[in-house]
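> Quick one, what's the 3D model for this:
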Amino acid sequence: MLEVAVIENAAAAEISLDPLRSRLLAELVEPGSASTLAARVGIPRQKVNYHLRELEKHGLVELVEERRKGNFTERVLRATAASYVISPDALSAVQPDPARAPDQLSARWLLALAARLVRDVGRLITGSRKAGKPVATFALDGEIRFASATERAAFARELAAAVAGLISKYHDETTAGGRAHRVLVAVHPSVRPVLDPPDNNTDKES
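Numbering: from 1, shown residues only. This next block holds a predicted model:
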């Protein structure tokens, strides 16, 4: 099972966004059958089977084993990944284009860049799985607290200059066999994690 999989097909994206099918994918992080899932989600086994066939058809779940039980064979399935990201390729006609309105200070341009990152890395992962080779990537993730907007602006200027200097130092147009790499650096306000709503059905002490 993959840790993260990128959904590039529009039909697969539509399937994954259905609330019930999304729930089934979450349940199938651990292998399960239609019978065990029916008990967990509270719907008939036949209906679960239908949804599992749709998920399997689009490569979102896979067969782990088949068990003979009396007159029928029980199919045990598992999600192909622990979590999924939908690529802009799934909405190809309306996917964002960073080249349309480049603006270093625009949050929407940053979002378009992030969408392109998901699309491109998703394509690389798909290609690498077919070729049986790993993808050469590198990422940094950190957090910084600025004392003021002035400090933030100064940091952005210094960061831009440092990255431009590194690109100038290592960029090579002439060497045969060289391969171009995309460099993306982003700065945005941190977002607090969304907490789960309280369970109103939990018994309370009187």
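> Show me what the lengthiest helix in the chain is packed up against.
Among all segments of the chain classified by DSSP state H, the helix with the greatest residue count is helix 107-131. Helix 107-131 makes packing contacts with strand 2-7 when contacts are defined by 3 or more C-beta pairs under 8 Å, 6 or more residues apart in numbering; DSSP states H and E. Every C-beta, even on glycine, is put in place using the N, C-alpha and C of the backbone.
> Report the buried residues of the strand it packs on.
Of the residues in strand 2-7, those with enough neighbours to count as buried (16 or more other C-beta atoms under 10 Å) are 5-7.
> Please state the offset of the helix or strand that comes right after it from the chain centre?
Read in the C-terminal direction, the helix or strand following strand 2-7 is helix 10-17, with elements assigned using DSSP states H and E. A distance of 13 Å separates the C-alpha centroid of helix 10-17 from that of its chain, computed with C-alpha atoms, centre = their mean, to the nearest Å.
> contacting residues around the strand or helix carrying residue 168?
In this structure, residue 168 is located in helix 149-170 according to DSSP H and E. Taking C-beta atoms under 8 Å, 6 or more residues apart in numbering as the criterion, the residues outside helix 149-170 that touch it are 104, 144, 146, 183, 185, 187.
> What distance do you get for residue 57 to residue 78?
For residue 57, the distance to residue 78 (C-beta to C-beta, to the nearest Å) stands at 16 Å.
> ok, these two, which is more surrounded?
For the pair residue 57 and residue 78, the greater number of neighbours falls to residue 78 (16 against 12), based on other C-beta atoms under 10 Å.
> quick one, what contacts that one?
1, 28-32, 61-62, 64.
> Throw these into TSV and include neighbour count and pLDDT, thanks.
Conversion of those to TSV gives the following (neighbours: other C-beta atoms under 10 Å; pLDDT from 0 to 100):
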residue	neighbour count	pLDDT
1	14	81
28	25	96
29	13	95
30	9	94
31	16	95
32	22	94
61	24	96
62	14	96
64	14	94
